[in-house]
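Peer 1: predicted model and sequence below, questions to follow.
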Amino acid sequence: MSFSSDPVVRIKDVSIFQDNHTILRDVNFELDKGELAFIIGRTGSGKSSLLKTLYADLPLRLGEILIAGYNLSGIRQKEIPMLRRKLGIIFQDFQLFDDRSVAENLMFVMKATGWKDRTKMKKRLTEVLIQVGLGSVENKMPHQLSGGEQQRVVIARALINEPLLLIADEPTGNLDPEVSDGIFKLFLEINKSGTAILMATHDHTLIGNHPARMLKCERGKLMDSNIDQFDLSTRI
């Protein structure tokens, strides 16, 4: 596992593939613990494929990725669940179980990641719901919640195991601007507590209101605002 001073993500000479097509090539960047960065770029530019490679949903074929203490080069299938316990993964389309309550959705994740003690599980469930501003919804079904509330449940689910890194793929894409801003402010609170965040987004307003490091996917390359100058007017 990594030492505490190591970056939470280190990517070296990586190419990202979708099926047999190279989407991104010669990708190099590091993300420090507690850092926040946006991934921007047009649809199809490689944002989601890059994120899927980071949490081992797509295989790493070329290059080296060290993430949360795991080397993705040749990672074994049985190690992937252990990697994902160190990550919080947040999707645009929520991916909640519609036939289970909020509490049951969160309990499912805890059971799947090795929690055994029912008392500790209940305590952690309450903690994460309070953290995301949803202290009284545990018995509700997802369809009884607004889009913004559902996304807060998804964030609570991602926080269950106190991840080193939150990976968010268009987390505000289905939300109206006011709700989106509230959701992102929650991300900022989580980030201030020491969790690194890597967020793919198309949201011009969000980026404009909350300046941060940007990684831009364009023409098969990944540019880094810490190093490169690029035109933000064509970021989407």
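Peer 2: Ah, there it is. These figures come from a predicted structure and were not determined experimentally.

Peer 1: C-alpha from now on. contacts and neighbour counts both.
Peer 2: Fine.

Peer 1: Ile16 looks like it's in a helix, true?
Peer 2: No - counting by DSSP: H, G, I helix; E, B strand; the rest coil, Ile16 is not part of a helix but strand.

Peer 1: distance check, Leu175 against Asp93.
Peer 2: Leu175 sits 10 Å away from Asp93, taking Cα to Cα, to the nearest Å as the criterion.

Peer 1: er, Leu145 I mean
Peer 2: Leu145 is 14 Å from Asp93, by Cα to Cα.

Peer 1: and if you look at Ile40?
Peer 2: In this view, Ile40 and Asp93 are 18 Å apart by Cα to Cα.

Peer 1: how about His210?
Peer 2: Taking Cα to Cα as the measure, His210 and Asp93 are separated by 23 Å.

Peer 1: of these two, who's got more company?
Peer 2: Asp93 (16 against 12; other Cα atoms under 10 Å).

Peer 1: got a list of contacts for the helix ranked longest in the chain?
Peer 2: In the chain, assigned by DSSP state H, the helix with the most residues is helix 177-192. Identification of contacts with helix 177-192 by Cα atoms under 8 Å, 6 or more residues apart in numbering yields 34-36, 132, 148, 151-152, 172, 197, 206.

Peer 1: how about a cut-off of 6 Å?
Peer 2: 148, 172 (Cα atoms under 6 Å, 6 or more residues apart in numbering).

Peer 1: just after that helix, pick out the following helix or strand.
Peer 2: Using DSSP states H and E, the helix or strand that follows helix 177-192 towards the C-terminus is strand 196-200.

Peer 1: who are the packing partners of that following strand?
Peer 2: Applying 3 or more Cα pairs under 6 Å, 6 or more residues apart in numbering; DSSP states H and E, one finds that strand 196-200 contacts strand 36-40, strand 165-169.

Peer 1: what's the mean pLDDT across that strand?
Peer 2: For strand 196-200, the mean per-residue pLDDT is 96.

Peer 1: partner strands of it and their direction?
Peer 2: Paired neighbours of strand 196-200 in the sheet (DSSP bridges): strand 36-40 (parallel), strand 165-169 (parallel).

Peer 1: for the helix or strand just after the first one, what is the distance to the chain centroid?
Peer 2: To tie it back to what came earlier, the one meant is strand 36-40. Per DSSP H and E, strand 36-40 leads on to helix 47-54 as the next helix or strand towards the C-terminus. Put simply, helix 47-54 sits 10 Å off its chain's centre (Cα atoms, centre = their mean, to the nearest Å).

Peer 1: ok, residues contacting helix 47-54?
Peer 2: Residues from elsewhere that reach helix 47-54 (Cα under 6 Å, 6+ apart): Leu58.

Peer 1: moving C-terminal of it, what's the next helix or strand?
Peer 2: Toward the C-terminus from helix 47-54 - assigned by DSSP H and E - lies strand 62-67.

Peer 1: ok, whichever helix or strand comes after that next one: who's next to it in the sheet?
Peer 2: Proceeding N to C from strand 62-67, the next assigned helix or strand is strand 70-71, under DSSP H and E. Here strand 70-71 is paired, per DSSP bridges, with strand 62-67 (antiparallel).

Peer 1: tell me how far the partner strand is from the chain's mean position?
Peer 2: 17 Å.
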